[in-house]
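Engineer: no sequence on hand, only this structure:
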């Protein structure tokens, strides 16, 4: 379905995160606002459940009698439990994501994180590039994900990264994730500087991932050693920026979307320059 990708280079990672064919998807809407995209087959399965799902202009919507976010959340959660029992979707994670018409817009409902890609709902997250300045140049803290992770086991990751759950602000989530993943105290985590976003639209077996990653740079003291507290990271290593760049360019050892956050870091810190033949395509491609 998709073009073959090259095995080296930076741009291949951007293209991998933006491979999709929308012809097999239909709109998922709430109150007349499209909030996601569902595979045709999954939509048909949802409609066999009956309420709360209804057909709508070739797509699917929620029953208009569900008045407000809480009622929608409860009704969809009940349907999701049936889908889990039938083996249609994997077990739920108990972490709720907000469903809105866009960042900063009113909450329409909440949905379990495990179900979000099946509905093609935009998911938000934050990624922190933790770095150290040394006389010989920038060094980046790299986390190696634990082998029991459901996504990208054993692959390299940012110092801190996590999805954005409902009910938390970005600063609150930053503090939470920074402590859980790297043992960073709150006062240190909050010195992280917001530096933009990376966005992509990726088709996976489950469905669509129209993801938005909020990026932060965090300069750390030379004597700080991160330590994982939640078991998600096997170990941390401090790499020279040239080693980081070569690894992203020449291997598939990094979690798929972390490649993009690192490439953005390389561009912003002047390691990847306009002299590189992929430069313009990278700058365009990091923002879907």
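Structural biologist: Ah, there it is. Model, not experiment: these values are computed from the prediction.
Engineer: switch to C-alpha atoms for all contacts and neighbour counts from now on
Structural biologist: Noted.
Engineer: and the residue lying closest to residue 206 once chain neighbours are set aside, how many residues sit next to it?
Structural biologist: Once flanking residues are discounted, residue 206 sits nearest to residue 118: 5.4 Å by C-alpha to C-alpha, 6 or more residues apart in numbering. The tally of other residues near residue 118 (other C-alpha atoms under 10 Å) stands at 22.
Engineer: confirm that residue 118 sits in a helix.
Structural biologist: Yes. Under DSSP: H, G, I helix; E, B strand; the rest coil, residue 118 falls within a helix.
Engineer: domains of this protein?
Structural biologist: What automatic domain parsing lists as the domains of the chain is 22-119, 123-285.
Engineer: what about the first one, start to end distance?
Structural biologist: Right, domain 22-119. One end of domain 22-119 to the other measures 13 Å (C-alpha to C-alpha, to the nearest Å).
Engineer: and the average pLDDT for that domain is what?
Structural biologist: For domain 22-119, mean pLDDT is 97.
Engineer: from the chain's centroid, how far away is that domain?
Structural biologist: From the chain centre to the centre of domain 22-119 is a distance of 19 Å (C-alpha atoms, centre = their mean, to the nearest Å).
Engineer: same thing with the longest one?
Structural biologist: Chain-centre distance of domain 123-285: 11 Å, with C-alpha atoms, centre = their mean.
Engineer: what average pLDDT does that domain get?
Structural biologist: Averaged over domain 123-285, pLDDT sits at 97.
Engineer: measure the residue nearest to residue 206 to residue 207 for me?
Structural biologist: Plainly put, residue 118 is 5 Å away from residue 207 if you go by C-alpha to C-alpha.
Engineer: joint contacts of the two?
Structural biologist: Contact criterion C-alpha atoms under 8 Å, 6 or more residues apart in numbering; residues shared by residue 118 and residue 207: 38-39.
Engineer: what about the strands in the stretch 151-288 of the chain?
Structural biologist: 156-157, 160-163, 193-203, 208-219, 233-240 (DSSP state E, counting those that start in this stretch).
Engineer: great, nothing more from me.
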